[in-house]
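In: here's a sequence, model it:
(2 chains)
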Amino acid sequence: MLLKNLSNLYYGWLIVGVLFLAMAIGIGTRQGFGIFVDIWETEWEVSVSSISLAASIGWLVNGLAAPIVGQLSDKYGPKIILIFSALTISISSILIATSFNIITLSIYYGFLLSFATATGGPVGILLSKWFAKRRGVAMGAVMAGGSIGSLFFIPLLTFISLSFSWQLAWIIMGLFGFIVVVPLFILVIKNDPSELKNISLDTSQELDSENIEEGPLWVDQWSKAYNSKPMWQLSIGYFVCGITTASISVHFIKWAISENISPSEAAFSFGILSAVNGISVFCSGYFSDKFERRYILAMVYFVRGVAFLSLILLSGQIALWAFAIVGGMSWLATVPLTTALTSEIYGNKKLGSLVGLINMSHQIGGAGSVILFGIIFDYYGNYDLGLWVGVIALLIASAVSFTINERKFSSRFYNKTTNPLN
Amino acid sequence: MFFDVKYENSLLNHHGDSINPDFAKWVVDFISSFSDNFWIMIFIVGFLIILFLVILILFLSRKK
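Out: Got it, this is the predicted structure:
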């Protein structure tokens, strides 16, 4: 009975399952970098800051690669790009195991792996083509794969590097890509529902076949999107998202020390933040399918603003845990909402490029904020000014997101509000 | 003193791409506080779940 029900499952959910596993392995691999910093420092006799250079290069390359990978996906379709990305991630993971100094690490991790993981565009295109009614929940589920994957793969990488060697840890991650992700991408991923041999009735459950998706701002050139307000509204929101996530990722522990909290407790609370985030990213996607996505997006930025405010107004451990719980509720939740809104406002034709460009604004905001927070701490000896910048920026992002005219521009509402037949 | 200087560098230069090195230290301590057998069991269960998901996805996609 269960098997029969499962065999009637909409094919798009199989694609979500594949992307969930791919995200879990991909993000797990990328986030595991921090585990090896101490090992490399001792083995290669280099400073932590020089190892961090490879991570910094990776951060920048990932941001700059996003529009390029997105544009390639628009041109050749997301499947081939995802297969190529998975192959590159697997090869570069194995190559990292052969690293013997900072230069080789920067090439394999900073350039190769980071370039290949800039897959926001192809993933966005794929899910937008397969899902209309439950696009938010599908995108949320895929993003949750990243959080859940980190909970499994980071301890796995740590265990292997402690019990065997750091090289074996990277080789195993590379093999995971080769054995699990690449075959699944080849066998299961289909660019479009029309590629199915048997287009069954269940397709209409997800893709609203009676209303052909269209919108007044749908573009066939990515540059045209910048002539309209929503593209700027979405980019501003994501820019602020980058400011507030990157600054916290880098400076959170130092903030905790300035509040007389032990680094280990701060680190643990940051782990809890990631776990809460896994649930919240899925929920935000689910609720965005029920209500206008702009309301949920505005709320997510507002909630993160409250979390930042708690770091200023509260003190010590209360502030730490308030931030971990409240901040965790909003951490990655912007990703499915922003991608879904972009696809519904601008269409799928140039979605890869647009998602890539919006991602780039995220990375630019993040890079700037990390430096800004560092300068503020050096000058004032605390993070209060930086946190206030975060609060104000988040309130602006919340207001900007709230004012996106979704009913006028989104394909979710366009047909229904303008077509008298509906 | 040496530790302080090193710590500063790691925080000012390490961008938010991977997990924070201090969080990594906590993860290392956490992993070390349990026996190897415990972790091997956890990872085997994890691998089996991944294997089950892969087989299920391939099985369900075969006709379509």
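
In: okay, now the unreliable bits of chain B?
Out: B:1-22, B:63-64 (pLDDT under 70).

In: where along it do the helices fall?
Out: With helices called from DSSP state H, chain B shows them at B:2-13, B:21-32, B:36-61.

In: possible to save these as a markdown table with mean neighbour count and distance to chain A?
Out: For the C-beta atoms, the positions are set from N, CA and C on the backbone; glycine is no exception. Formatted as a markdown table, the helices of chain B follow (neighbours: other CB atoms under 10 Å in any protein chain shown; distance: least, CB to the nearest CB, whole Å):
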| stretch | mean neighbour count | distance to chain A |
| --- | --- | --- |
| helix B:2-13 | 15 | 4 |
| helix B:21-32 | 20 | 4 |
| helix B:36-61 | 14 | 5 |
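
In: among these, which is nearest A:Lys349?
Out: Closest approach to A:Lys349 among those (CB to CB): helix B:36-61, 26.6 Å.

In: quick one, the closest one and helix B:21-32 angle?
Out: Put simply, helix B:36-61 runs at 100 degrees to helix B:21-32, going by axes from the mean of the first three to the mean of the last three CA atoms, to 10 degrees.

In: if we can go back for a sec, I'd like to know which of the helices of chain B is closest to A:Asn191.
Out: helix B:36-61 (14.5 Å).

In: packing partners of that closest one?
Out: helix A:2-7, helix A:11-31, helix A:135-163, helix A:182-188 (3 or more CB pairs under 8 Å, 6 or more residues apart in numbering or on different chains; DSSP states H and E).

In: would you reformat the helices of chain B as TSV and include distance to A:Leu332?
Out: Converted to TSV, these look like this (distance: least, CB to CB, whole Å):
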stretch	distance to A:Leu332
helix B:2-13	23
helix B:21-32	17
helix B:36-61	21
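
In: nearest to A:Ser310, out of those helices?
Out: Of all the helices of chain B, helix B:21-32 comes closest under CB to CB, at 20.1 Å.

In: can you lay out the helices and strands packed on helix B:36-61 as a markdown table showing distance to A:Leu332, mean neighbour count and mean pLDDT?
Out: A markdown table is the format used below for those (distance: least, CB to CB, whole Å; neighbours: other CB atoms under 10 Å in any protein chain shown; pLDDT from 0 to 100):
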| stretch | distance to A:Leu332 | mean neighbour count | mean pLDDT |
| --- | --- | --- | --- |
| helix A:2-7 | 28 | 9 | 69 |
| helix A:11-31 | 10 | 24 | 87 |
| helix A:135-163 | 5 | 23 | 85 |
| helix A:182-188 | 22 | 19 | 94 |
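
In: quick check: which element contains whichever residue of the stretch 201-350 of chain A sits closest to chain B?
Out: Closest to chain B within the stretch 201-350 of chain A is A:Ser249: 3.0 Å, counting by CB to the nearest CB. Assigned by DSSP states H and E, A:Ser249 belongs to helix A:229-258.

In: right, and the helix or strand after that helix?
Out: helix A:263-290.

In: just the C-alphas of the helix or strand just after that following helix, formatted as CSV.
Out: Scanning forward in sequence from helix A:263-290 by DSSP H and E, the next helix or strand is helix A:293-313. Backbone C-alpha positions of helix A:293-313 (Å, rounded to 0.1, in the frame of the first residue of the first chain) are rendered in CSV as follows:
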residue,chain,number,x,y,z
ARG,A,293,6.0,35.3,0.0
ARG,A,294,6.9,39.0,0.6
TYR,A,295,5.2,38.9,4.1
ILE,A,296,7.2,35.9,5.1
LEU,A,297,10.4,37.4,3.7
ALA,A,298,9.8,40.7,5.5
MET,A,299,9.1,38.8,8.7
VAL,A,300,12.3,36.8,8.4
TYR,A,301,14.4,40.0,8.1
PHE,A,302,12.4,41.5,11.0
VAL,A,303,13.0,38.4,13.2
ARG,A,304,16.7,38.6,12.5
GLY,A,305,16.6,42.3,13.4
VAL,A,306,15.1,41.3,16.7
ALA,A,307,17.9,38.7,17.2
PHE,A,308,20.5,41.4,16.5
LEU,A,309,18.8,43.8,18.9
SER,A,310,18.9,41.1,21.6
LEU,A,311,22.7,41.1,21.4
ILE,A,312,22.6,44.8,22.1
LEU,A,313,19.9,45.1,24.7
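
In: chain center to helix A:293-313, what's the gap?
Out: Helix A:293-313 sits 18 Å away from the centroid of its parent chain (CA atoms, centre = their mean, to the nearest Å).

In: list the buried residues in it.
Out: Using 16 or more other CB atoms under 10 Å in any protein chain shown as the test for burial, helix A:293-313 gives A:293-312.

In: tell me how many other residues crowd the residue nearest to A:Ser310 when sequence neighbours are not counted.
Out: Take A:Ser310 and drop its neighbours on the chain: the residue closest to it by CB to CB, 6 or more residues apart in numbering or on different chains is A:Ala322, 4.2 Å away. As a burial measure, A:Ala322 scores 18 neighbours (other CB atoms under 10 Å in any protein chain shown).

In: just the one 4 residues further on next, same as before
Out: The number of residues packed around A:Val326, counting by other CB under 10 Å, is 19.

In: not counting its own residues, what contacts the helix or strand it falls within?
Out: Assessed by DSSP H and E, A:Val326 sits inside helix A:316-328. Applying CB atoms under 8 Å, 6 or more residues apart in numbering or on different chains, the contact partners of helix A:316-328 are A:248, A:256, A:259-261, A:265-266, A:269-270, A:272-277, A:280, A:303-304, A:306-308, A:310-311, A:313-314.

In: if you set the cut-off to 6 Å instead, what comes out?
Out: Under the contact criterion CB atoms under 6 Å, 6 or more residues apart in numbering or on different chains, helix A:316-328 has outside partners A:Glu259, A:Ile261, A:Ser269, A:Ile272, A:Leu273, A:Val276, A:Asn277, A:Val306, A:Ala307, A:Ser310, A:Leu311, A:Leu314.
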